[in-house]
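**Student:** Just a sequence and a predicted model for now, questions to come.
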Amino acid sequence: MFFILLDLLLIGGLVALIIHQVRLKGYLGEKAVEKILTTLPKDQYVVYNNILLQSDYGTTQIDHIVLSVFGVFVIETKNYQGWIFGNERDDYWTQNIYGKKTRFKNPIRQNYGHVKAIERIFSDIDALEIIPIVAFSGRSQLKVNVSSENVITFSQLKDRIGSYTVKMMNFETVLKMGEVLIKNNIDSKENRIEHNRTIKSNLKKNNLKIANNVCPRCGGNLVNRNGKYGRFIGCSNYPKCRFTKKI
Ligand SMILES: [Zn+2]
């Protein structure tokens, strides 16, 4: 009994350590991008990091928003290494480090939610140009199949932003938008805790649905399937609903 308990403690500790390392990596990636963004000319660009906005489904956390006279850049950072595979419309992308595969949420889709949240707070501005960018660490090799030119590495970020040169508004408007953004930033400690709590409780609800063979995305039935990468659970409403989960 004692040894079982000891094992559980060790496994628990290990899991906590891994979660901590993943978070730390994410944090360092955001810091690296933050540093790059501070070099943008201050009379044309205003940078906001780590913004929490209201979304249709609760709140959404955005790594970086750059307001500028050329448009609004919305940047999702991924501090990953290894080979990155993914298609534009997939739910998940794959990181491959020497054959060890890890799935993560398609960042283009993630960023789409961010764009929607930003559109919402600037709904009174006509034809606002919002440019989503996904930036991966230079230690990754991107083998993704996407039509967007804006899935890039950190080192390409400044040039990519600089490639937008059509002036869309004057700098006074940009500054005013900054004030609106700050007003809408619900990033207080309380909101952040609430945000994490919602994610956890949604995860619990989804797991319960999956355990009962109910698709968490559309409410359809889940069925066992066989694929290239082994067995998985898929939604019976495929291809309308593309929910899958590995088993
Ligand atoms: Zn479904």
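**Tutor:** That came through, no problem. These numbers come from a predicted model, not from an experiment.
**Student:** Show me which residues of stretch 150-162 are buried.
**Tutor:** 150-154, 156-157, 160-161 (16 or more other Cβ atoms under 10 Å). All C-beta spots, glycine's among them, are computed from the backbone N, C-alpha and C.
**Student:** Going by distance to residue 214, which of the residues you listed wins?
**Tutor:** residue 151 (33.0 Å; Cβ to Cβ).
**Student:** pretty sure the closest one is in contact with residue 134, am I right?
**Tutor:** Yes - the pair residue 151 / residue 134 is scored as a contact, 4.7 Å apart, by Cβ atoms under 8 Å.
**Student:** if I look at these two, which residues touch both of them?
**Tutor:** Residues touching both residue 151 and residue 134 (Cβ atoms under 8 Å, 6 or more residues apart in numbering) are 107-108.
**Student:** any idea which of the buried residues of stretch 150-162 is closest to residue 79?
**Tutor:** Set against residue 79, the nearest of the buried residues of stretch 150-162 by Cβ to Cβ is residue 154 (8.6 Å).
**Student:** I'd assumed residue 134 was in contact with that closest one.
**Tutor:** No - the pair residue 154 / residue 134 is not scored as a contact, 11.0 Å apart, by Cβ under 8 Å.
**Student:** what about stretch 191-204, distance to the chain center?
**Tutor:** Remark: stretch 191-204 is offset 16 Å from the chain centroid, using Cα atoms, centre = their mean, to the nearest Å.
**Student:** The chain should start at 7 in everything you say after this.
**Tutor:** Taking 7 as the first residue, the last one we looked at is stretch 197-210.
**Student:** which residues sit against it?
**Tutor:** With contacts defined as Cβ under 8 Å, 6+ apart, stretch 197-210 is touched by 58, 64-65, 67.
**Student:** if we take those residues, which one ends up nearest to the ion?
**Tutor:** Distance to the ion across those (Cβ to the ion) is lowest for residue 64, with 20.4 Å.
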